[in-house]
Every structure is written in C-alpha cells, then in structure tokens.
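S.K.: take a look and give me a structure for this.
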Amino acid sequence: MSSFQTYLHSGFSALQVFRRALKLVWKSNPVWTGISIALNFFQASLPLAIFYLTSLIIDQLVHAFRAGELESGRLGFFLLGLGGLWFINGLMGIATNWLQELQQLQFNDYIAGVIQEQSIRLDMAFYENPELQDTFYKTQYEAAYRPWQLLQSVHQLLQSSFYLGMVMVFLFALAWWLIPVLVLAGLPGLLVRMYYSRRHFALDRQRAHRERESWFLHDLLTQASAARELRLYRAGVHFRQRYRALREQLFKDKRTLLSRQVIFDAFSQLSEVLALTGLVAWIAFRTLSGALSVGALVMYLQAFQRGMTQLRSALGALAALHGHRLFLTYLFDFLDLKPRVQDPTSPKPLPGVIAEGFRVENLTFTYPNQHQPILKDLNLGLKRGARIAIVGPNGSGKSTLVKLLARYYDPDKGRILLDGVDLRECAQDDLRSKMSIVFQDFYRYPFTALENISISDLHRDADLRQVQEAARASGAASAIDGLPRHYDTLLGNTFYGGVELSGGQWQQVAIARAFYADKDVLILDEPMSAIDPLVEQQIFEEIFNLEASKTVIFITHRLYHLMQADHIIVLDQGQMAEAGTFEELMAAKGLFYRLFSRQQVGGGEGVDG
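M.R.: As a prediction, the model looks like this:
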C-alpha cells in the first residue's frame with residue numbers, strides 16, 4: 001500500500017470513528033443534542049448580524065460628518081437593534097453553557113453505562129488477555145475525562161463550522177474568490193494538524209502497554225493492597241524509581257514529537273497572515289475607489305478576521321478530535337468485542353431439579369493465550385446428592401474444572417453434561433441459577449453485612465431471617481452480631497463508617513453468601529484457608545447435613561474432611577489419577593496415599609488446592 005493510500009485509509013478510519021462518536025453523543029440525549037445544535041447555529045449567525053448593524057451605524061456617522069446633519073431616529077434604531085442583538089447573544093451564551101454543563105454530566109454517565117454494560121457482557125477470557133486489557137484499561141482510565149473533552153470538541157467544531165458557513169455566504173456577496181482564499185489560507189494548518197494527529201495516534205497506540213504499566217505502578221504505590229509488603233521489603237523506593245523512569249521515557253517521546261509539530265505549525269501560520277494582509281489591502285483599495293463604504297470596510301474586515309479565527313478554532317477542534325481518536329478507537333474496539341462463551345440461538349432448558357448430575361467427557365482445556373492445556377482428556381462423573389472432594393497437587397486443574405462447570409469458559413475438546421444436556425446448549429443464566437460457588441479469591445463487597453450475604457440472590461428482597469440463618473451456618477453470625485449496627489454495618493474500610501473483618505471472618509461471610517443462595521449445587525474452592533479448624537469443622541458439618549438432593553463439591557487440603565466425602569477425585573497434571581472413597585484410595589496406595597502420608601508427617605506438597 002502506497003503512502004497516499006495509507007493516508008486515505010487513515011483518514012477514512014478517522015471519519016468512521018468520528019461518525020460513531022457523534023452517534024454516541026446523539027444517543028446520550030437526542031433532545032438536548034438537537035437543542036444544542038440549534039443554539040450553536042443561532043450563535044454562529046448573530047455575530048454577522050452584529051457586524052452588519054455596526055457597518056450601518058458607521059456609515060450613518062460618516063454621512064453625518066460629511067453632510068453636517070445626523071439622522072438621529074435612524075441611528076437610534078440601529079443602536080437599539082445592536083444592543084438587542086448583544087443582549088440576545090449574551091442570553092444564548094448563558095443558555096448554551098447551562099445546557100452543555102448538563103449534557104456533559106449526562107454524557108459522562110452514558111459512556112460509563114456503556115462501558116459497564118459491555119464489561120458485564122464479556123466473559124472471563126477477556127480479563128486474561130493482556131492485549132485486550134490494554135484496550136480496556138485505557139478506555140476505563142480515560143473515561144473519567146475524555147467524554148467531557150470529546151463533547152467540548154464536538155460543540156466547538158459545530159459552532160465554528162456553522163460560523164464559517166455564514167462567513168462564506170457573507171463574503172460571496174462581495175467576491176466569490178474570497179471563499180477559496182479563506183479555505184486555502186487554512187489548508188496548510190489543516191494538513192499539519194492532520195499529519196501530526198496521525199503521528200500522535202500511532203505513538204500513543206504503540207506505547208499503550210507502557211502507559212498501562214506506569215498506571216499499575218502508580219496504583220501499586222498508592223493502594224492499600226500492597227502497602228504492607230512495600231514497607232516490609234522496603235520496595236517503595238524501587239517501584240517509585242521504576243515509575244519515574246517509565247514516565248520520563250514517555251515524556252521524552254511525546255516532547256520530541258510536539259517540538260517538531262510546533263515548528264510546522266509556526267510556518268503554517270504564514271498563509272493565514274498573508275491572506276489576511278492581502279484582503280485588508282484589497283478592501284482598503286476598494287473603499288478608496290468608492291466601491292465600498294467605510295462601514296462595509298469595517299464589516300468585511302471583521303467578518304474575514306473572525307472567519308480566520310473560527311477556522312483556527314475548527315482546526316483546533318479537529319486536532320482535538322484526532323487527539324481523542326485513540327480513546328475513541330479503544331472505546332469502540334472494546335465495545336465491538338464479542339464474548340467467546342455465548343448462549344445458543346435456541347437454548348435447551350435444564351430440568352427444574354437436577355436428577356443425575358454432571359458428566360465430564362474427554363475434556364481438554366487451554367487458557368486463552370497459553371500453549372499448555374490445563375486439563376487433558378478428563379473423564380469423570382459428579383452425581384446428584386453426593387459430597388465430592390477434588391484434590392491434587394498445585395496446578396493440577398482443580399479450580400479450572402470449577403470454572404468450566406460454571407461455563408466461564410468452553411472446553412477446547414470434549415464436553416460437560418448436566419442431566420444429559422451439553423452446557424454449551426443451554427443458557428448460561430439457567431446453568432448458573434442452579435449453583436453457588438465460593439471461590440478462593442471471592443470478592444469482599446464494601447457494603448453492609450446484609451448486602452454481602454443476600455447479594456447471591458437478588459431476584460428476591462433480602463430476607464433478614466434467612467440471612468441470619470446462613471450466617472449462623474457459616475459461623476459468621478458471631479462476628480456480625482458484635483458489629484456496631486449488626487447486619488446494617490458496612491464491611492471493610494473502603495467507605496466511611498466501615499468495619500474491617502479478619503481474613504477468616506470474610507471467608508465466613510462468603511460461605512454464608514453461598515448458603516443463602518440455597519442452590520442445587522454448592523462448590524467450595526478452598527474457601528476456608530484462614531478459618532480456624534474448629535469453626536471449619538462446624539461449617540463442614542452444616543455442609544454434610546444439607547438436603548440429600550444437593551450436590552456438594554469441595555476442594556480442600558484439610559484431610560479430616562476427605563474422610564467424610566462420598567467420593568474423592570484425585571487430579572494430577574490435568575488428568576484424573578484415581579478416584580474412590582477415602583478407604584479405597586488409601587488401600588490402593590497411589591498418589592492420594594502418598595499425598596496423605598506426606599501431609600500427615602508435615603512435609604511434601606500435600607493435598608493442596
């Protein structure tokens with residue numbers, strides 16, 4: 001592709017981005033956007049009327065000076081009209097500012113809502129792709145201020161374009177060739193801005209990963225999550241130096257490009273100066289020859305000068321829009337993403353009550369952007385009503401299997417059946433409505449204790465009695481009852497008035513969340529690592545005493561609980577090494593026996609999840 005074709009392609013892509021940007025502005029509030037466009041149009045028209053009345057007033061004064069007689073009635077009428085136009089122009093400016101302030105607030109909220117809606121729609125594979133995370137992080141980080149700047153640029157471009165259109169009509173009445181002069185005067189500036197906008201866009205996109213790294217380092221240095229280790233290992237200075245070196249390099253790259261742009265911008269101003277100077281000379285000559293009045297001289301000079309100002313303003317708005325193009329490109333790239341895990345067109349319904357359970361057949365799975373499969377040709381059954389333990393060395397695929405059971409991912413090969421229905425043939429919401437999962441990295445919501453527990457079933461109003469029962473079963477009730485406002489107490493220290501819990505207490509709240517949901521399938525992925533053994537034993541007693549129809553799947557390294565399991569599945573390197581009851585596996589003296597024995601003596605890798 002030639003450089004000219006590349007330039008055309010880049011320009012066409014930019015137009016497509018801007019078209020979608022204007023569509024976003026319109027969709028945020030069509031009524032307000034329409035009114036704003038109308039106000040911009042009228043505001044662009046008023047200065048020309050003001051110039052015309054000014055020219056009439058000047059001509060009246062010149063005539064009075066020459067004739068020695070002043071037509072006071074006519075002059076007063078013109079002055080009154082001029083004052084009225086100034087007043088209307090001021091009112092319209094106030095109205096425009098008021099409308100734009102409100103529109104900017106609403107547009108920011110609209111963009112945030114669009115980003116949130118897409119974030120919810122995308123599946124887990126998106127969050128594990130570094131390239132897509134660059135897109136998302138840039139979009140999310142700049143969403144706080146870019147929409148406002150974008151809207152400002154759109155308003156500025158519209159108003160300047162309307163005004164330029166009016167000026168061209170105005171100048172056409174004097175001489176048609178003034179219009180191409182006006183356009184050609186601004187052309188060098190436009191070409192410079194377009195060229196360097198493209199260079200800025202390429203540079204910013206090229207270094208997006210370094211920008212994200214610098215933002216990560218900033219968050220690392222300022223957020224509470226890493227504060228303890230930074231102080232323990234005295235690593236704050238190290239990461240601060242790393243951040244500064246990264247930002248200094250980013251600054252140098254930008255400074256080099258901006259310095260070159262300034263030189264060409266300065267040269268592009270020559271065409272505007274020459275055009276304006278030539279026009280002044282030509283209009284002055286026409287006035288001296290008697291073709292134009294003094295008032296017309298002032299009017300056309302003001303119009304042309306304001307036209308050049310608005311041309312620069314329009315070019316500045318275009319350059320700003322090009323500057324926003326990276327954000328817009330990231331935003332639209334993000335909004336165009338499609339989830340890999342999608343519901344079928346006609347999903348098969350799952351039974352109201354699970355009758356058989358899960359069946360995993362020849363399952364192979366590799367995480368996105370990874371090369372080694374985590375699970376390989378896995379075959380196993382998870383029967384309804386059973387208490388099933390899944391154990392194995394670290395990295396054997398236990399947590400991955402849980403994610404596949406919830407269909408956060410689809411397998412590369414093989415399938416998972418629930419009561420004979422392939423999970424890919426049913427609706428995701430239908431599947432997940434039948435299960436509760438307590439993940440290793442469960443989320444600590446900075447809301448009340450009541451909300452933290454009842455959030456697992458938002459299809460009904462929070463039931464305090466059932467929340468209390470779930471908290472009692474998980475052991476969280478004793479901690480919550482000791483809080484200042486009990487179940488109405490904010491948890492965590494994110495918001496004012498919140499009370500922080502210990503790690504074990506947070507785990508109890510997460511388990512209570514799963515109990516409250518009361519689903520057919522309960523999955524516990526090592527959720528009790530910070531809970532003391534006595535409380536953990538009580539929780540497992542509650543779990544094993546659940547209704548016989550409920551299926552419980554748990555990943556744990558506390559061997560006491562493995563003895564109570566109906567069935568134990570041992571995974572190793574993504575495959576099922578063995579399966580059976582505790583007694584059967586101990587008698588077989590295979591991998592499970594070795595793991596159990598090593599943990600009994602306090603060594604080896606253990607039956608860790």
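
S.K.: so residue 125 touches residue 403, yeah?
M.R.: No. Distance between residue 125 and residue 403: 10.6 Å, which falls outside the contact criterion (CB atoms under 8 Å). Heads up, the C-betas are built off the backbone N, CA and C, glycines and all.

S.K.: list the contacts of the spatially most central residue of the chain.
M.R.: Closest residue to the average C-alpha location of the chain: residue 140 at 3.4 Å, with CA atoms, centre = their mean. With contacts defined as CB atoms under 8 Å, 6 or more residues apart in numbering, residue 140 is in contact with residue 115.

S.K.: recalculate using a threshold of 10 Å.
M.R.: Counting by CB atoms under 10 Å, 6 or more residues apart in numbering, residue 140 touches 112, 115-116, 119, 133, 215, 330-331, 334.

S.K.: where do the contact lists of residue 125 and residue 403 overlap?
M.R.: Between them, residue 125 and residue 403 share these contacting residues under CB under 10 Å, 6+ apart: 367, 409.

S.K.: where along the stretch 501-609 of the chain do the strands fall?
M.R.: For the stretch 501-609 of the chain, strands defined by DSSP state E, counting those that start in this stretch occupy the ranges 521-525, 551-555, 567-572, 575-580.

S.K.: can you put these in JSON lines and add mean neighbour count and distance to residue 361?
M.R.: Output for those, formatted as JSON lines (neighbours: other CB atoms under 10 Å; distance: least, CB to CB, whole Å):
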{"stretch": "strand 521-525", "mean neighbour count": "23", "distance to residue 361": "18"}
{"stretch": "strand 551-555", "mean neighbour count": "23", "distance to residue 361": "17"}
{"stretch": "strand 567-572", "mean neighbour count": "22", "distance to residue 361": "15"}
{"stretch": "strand 575-580", "mean neighbour count": "17", "distance to residue 361": "12"}
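
S.K.: including distance to residue 207 and mean pLDDT, could these go into CSV?
M.R.: Written out in CSV, the entries for the strands of the stretch 501-609 of the chain read as follows (distance: least, CB to CB, whole Å; pLDDT from 0 to 100):
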stretch, distance to residue 207, mean pLDDT
strand 521-525, 38, 93
strand 551-555, 41, 92
strand 567-572, 42, 94
strand 575-580, 43, 94
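
S.K.: closest one to residue 210 among those?
M.R.: For residue 210, the closest of the strands of the stretch 501-609 of the chain is strand 521-525, at 35.0 Å, according to CB to CB.

S.K.: now the angle between strand 551-555 and the closest one, please.
M.R.: 10 degrees (axes from the mean of the first three to the mean of the last three CA atoms, to 10 degrees).

S.K.: what about the strands in the stretch 351-500 of the chain?
M.R.: With DSSP E, counting those that start in this stretch as the criterion, the stretch 351-500 of the chain has strands at 357-365, 375-383, 387-391, 413-418, 421-422, 435-438.

S.K.: residue ranges in this structure under the pLDDT threshold?
M.R.: Applying pLDDT under 70 to the chain flags residues 1-15, 17, 68, 70, 141-145, 323, 326, 559-560, 599-609.

S.K.: care to break it down by domain?
M.R.: Each structural domain of the chain that the record assigns through automatic domain parsing is listed here as a residue range: 30-183+191-204+274-335, 358-434+528-609, 440-518.

S.K.: now those in CSV, with distance to residue 234?
M.R.: Rendered in CSV, the data for the domains of the chain read as follows (distance: least, CB to CB, whole Å):
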stretch, distance to residue 234
domain 30-183+191-204+274-335, 28
domain 358-434+528-609, 27
domain 440-518, 24
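
S.K.: which of the ones you listed sits closest to residue 16?
M.R.: Closest to residue 16 of these is domain 30-183+191-204+274-335 (CB to CB; 8.8 Å).

S.K.: first-to-last residue distance for the closest one?
M.R.: Taking CA to CA, to the nearest Å, the first and last residues of domain 30-183+191-204+274-335 lie 21 Å apart.
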